[in-house]
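**Student:** quick one, structure for this:
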Amino acid sequence: MTGYVYLAAAIVLELCGTTCMKLSDGFGNKLFAEGTLTFYGLCFYFFALSLKTVPLNIAYATWGGLGVVLAAVVAKIFFHESISTAGTVGITLIVVGVVLCNFFGTHH
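**Tutor:** The predicted structure is shown next:
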């Protein structure tokens, strides 16, 4: 269970890093550029910790899939970015893939 807590922390930190990257304006804003590097560093640290107990295929699918969904939500709410129907379908397929990996993927 601890591995999934670390994985959740990695996902949240990756989302923070991605948001800072957007706000950094191409790394022109030093504060957000430093935030990007800090959050991504912490993200990879916690992701590595999660891999002690969570299988790589499950961890990576969950991390990537939830990251895509949460980034789309942040983009819509905070940056007022739109998403097309095709984009919504694509994200839905990613979520379905993550669910399938978690329920039917390799477990210890």
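
**Student:** give me the mean pLDDT for the host helix or strand of Gly41.
**Tutor:** If you go by DSSP states H and E, Gly41 is part of helix 30-50. If you average the pLDDT over helix 30-50, you get 98.

**Student:** for it, which positions count as buried?
**Tutor:** By 16 or more other C-beta atoms under 10 Å, the buried positions in helix 30-50 come out as Phe32, Ala33, Gly35, Thr36, Phe39, Tyr40, Leu42, Cys43, Phe46, Phe47, Leu49, Ser50. C-beta coordinates here come from the backbone N, C-alpha and C atoms, glycine included.

**Student:** may I have that helix exported as CSV, CA atoms only?
**Tutor:** What follows is helix 30-50, C-alpha atoms only, in CSV (Å, rounded to 0.1, in the frame of the first residue of the first chain):
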residue,chain,number,x,y,z
LYS,A,30,12.8,32.1,-12.9
LEU,A,31,10.5,31.3,-9.9
PHE,A,32,8.3,29.0,-12.0
ALA,A,33,11.3,27.5,-13.8
GLU,A,34,12.9,26.6,-10.5
GLY,A,35,9.5,25.2,-9.3
THR,A,36,9.4,23.0,-12.4
LEU,A,37,12.8,21.5,-11.7
THR,A,38,12.1,21.1,-8.0
PHE,A,39,8.7,19.4,-8.5
TYR,A,40,10.0,17.1,-11.2
GLY,A,41,12.9,16.1,-9.1
LEU,A,42,10.6,15.3,-6.2
CYS,A,43,8.3,13.5,-8.5
PHE,A,44,10.9,11.2,-9.8
TYR,A,45,12.1,10.5,-6.3
PHE,A,46,8.7,9.4,-5.1
PHE,A,47,8.1,7.5,-8.4
ALA,A,48,11.3,5.6,-7.7
LEU,A,49,10.2,4.8,-4.2
SER,A,50,6.9,3.5,-5.5
